[in-house]
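Chemist: Quick one, fold the following:
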Amino acid sequence: MGEAIDLLTDASTEVLTATGIMEAAAAADTSPEQTALQGMMGQEEYSIDQAEVDAYNQAVAQVENYAQQAGAFMAAANNADLTASIDSYAQVNNFVVGNYTTITYTQSIDEFVINWDNDGFGSGWQGYLTEDMVSADELFEAGEYVEQYGTMPN
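Modeler: Numbering: from 1, shown residues only. As a prediction, this is how the structure comes out:
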């Protein structure tokens, strides 16, 4: 996740270059300002190529994926039915829950897959978070500050 955020930060810096050019262009309403803008755009530091755009888009996708995984894992940890099912499976199959090699979550099918060894095959749990999923609008609404009136206790 840290690497993805670093990539996104680097890529965002490149994209911010476009914002700086846009702001300079909006303010360039005289001939000398327009000439200065053209000179600025000719400099290497103000150019953006397709590779930089692609790097930005890939970094955004990586951060989105990690954020989705983190949210799913937090929701899973608070889902008593899911944790009980995983604990039961691990006990029956003589696994130590904390000794997994990988855990993945696929949101589109609401499925967790846990591997306890490196054979590439895992055990899946599907449908445990479907009822807890919210849209982006619902998420942003839930994050709104709600002011409470009253006095603070002494």
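Chemist: Which helix or strand contains the residue positioned nearest the centre of the chain?
Modeler: Nearest to the geometric centre of the chain sits residue 64, at 2.5 Å (C-alpha atoms, centre = their mean). For residue 64, the element it lies in under DSSP states H and E is helix 50-77.
Chemist: Which positions within that helix qualify as buried?
Modeler: 52, 55, 56, 59, 62, 63, 69, 71, 72, 76 (16 or more other C-beta atoms under 10 Å). Every C-beta, even on glycine, is put in place using the N, C-alpha and C of the backbone.
Chemist: Dump those residues to a markdown table, plus distance to residue 96 and pLDDT.
Modeler: Formatted as a markdown table, the buried residues of helix 50-77 follow (distance: C-beta to C-beta, whole Å; pLDDT from 0 to 100):
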| residue | distance to residue 96 | pLDDT |
| --- | --- | --- |
| 52 | 45 | 78 |
| 55 | 40 | 82 |
| 56 | 41 | 81 |
| 59 | 35 | 84 |
| 62 | 30 | 84 |
| 63 | 32 | 83 |
| 69 | 22 | 85 |
| 71 | 26 | 85 |
| 72 | 22 | 88 |
| 76 | 18 | 91 |
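Chemist: Got the domain ranges for the protein?
Modeler: 1-77, 79-144 (automatic domain parsing).
Chemist: Please pull out the lowest mean pLDDT helix or strand from the chain.
Modeler: Within the chain, judged by mean pLDDT, DSSP states H and E, the helix or strand with the poorest mean is helix 2-27; its value is a mean of 73.
Chemist: Point out where this structure drops to low pLDDT.
Modeler: Scanning the chain for pLDDT under 70 picks out 1-2, 4, 7, 14-15, 18, 44-46, 118-120, 143-154.
Chemist: Try it again at 80.
Modeler: Across the chain, the ranges flagged by pLDDT under 80 are 1-25, 38-49, 52, 117-121, 132, 134-136, 138-154.
Chemist: Mind giving me the packing neighbours of the following helix or strand past the helix holding residue 64?
Modeler: Following helix 50-77 in sequence order, the next helix or strand is helix 80-92 (DSSP H and E). Judged by 3 or more C-beta pairs under 8 Å, 6 or more residues apart in numbering; DSSP states H and E, the packing partners of helix 80-92 are helix 50-77, strand 123-126.
Chemist: and these as CSV, adding distance to residue 141?
Modeler: As requested, the helices and strands packed on helix 80-92 are arranged in CSV below (distance: least, C-beta to C-beta, whole Å):
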stretch, distance to residue 141
helix 50-77, 16
strand 123-126, 28
